[in-house]
Every structure is written in structure tokens, then in C-alpha cells.
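> how does the following fold in three dimensions:
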Amino acid sequence: MKDGQNAYLLYPILSIVMAIFSVIWACQRVEAGYLPIIYFFLFVICTQGLAHLIKKRRFRAYMLLETIQQ
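Below you'll find the model as predicted:
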């Protein structure tokens, strides 16, 4: 379970780090207009969705493991 908990913490941290990089990237390209902001929001939605999917799948696998053990 320890490995699962580490992965559970990894995805939100990873998405936050990537979001910060996206903000820095967008700030460097302010002259490009609103496009970087749209890209940033799309990226955040994608990472959150991906993290949610991975968490859901991991949870389902854990529940399956619990039922097998009983």
C-alpha cells in the first residue's frame, strides 16, 4: 500500500509543478495574447483528468485485491 500512497501524492504534485512551468512559459509569451492562457487551462484540465483516471483505476485495482484476499 505504501507504493500506492506515494503514487497518490505524486500525481497532484506533478500537475502543480507542470502548471507552474506552464505559467512561466505563458508569462514569457505575454505578447502572444490570450493563446498561452487557453493552453494553460487545457493543460491543467488534462493533467487533472489524467490524475483522476489513474487514481480511479488504482482504487479499483485495490478494491479487487481486497475482495480476492477475503
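> and the host helix or strand of Tyr62, what does it pack onto?
Using DSSP states H and E, Tyr62 sits in helix 35-69. Counting contacts by 3 or more CB pairs under 8 Å, 6 or more residues apart in numbering; DSSP states H and E, helix 35-69 packs against helix 2-28. Where you see a C-beta, it was placed from the backbone N, CA and C, and this is true even at glycine.
> quick one: distance of the helix it packs on to the chain centre.
Chain-centre distance of helix 2-28: 6 Å, with CA atoms, centre = their mean, to the nearest Å.
> that one versus helix 35-69: what angle between them?
Orientation of helix 2-28 against helix 35-69 (axes from the mean of the first three to the mean of the last three CA atoms, to 10 degrees) gives an angle of 170 degrees.
> now helix 2-28: mean pLDDT?
Helix 2-28 shows a mean pLDDT of 70 in the predicted model.
> let the chain start at 3 from now.
I'll keep to 3 as the first residue from here, and by that count the last item is helix 4-30.
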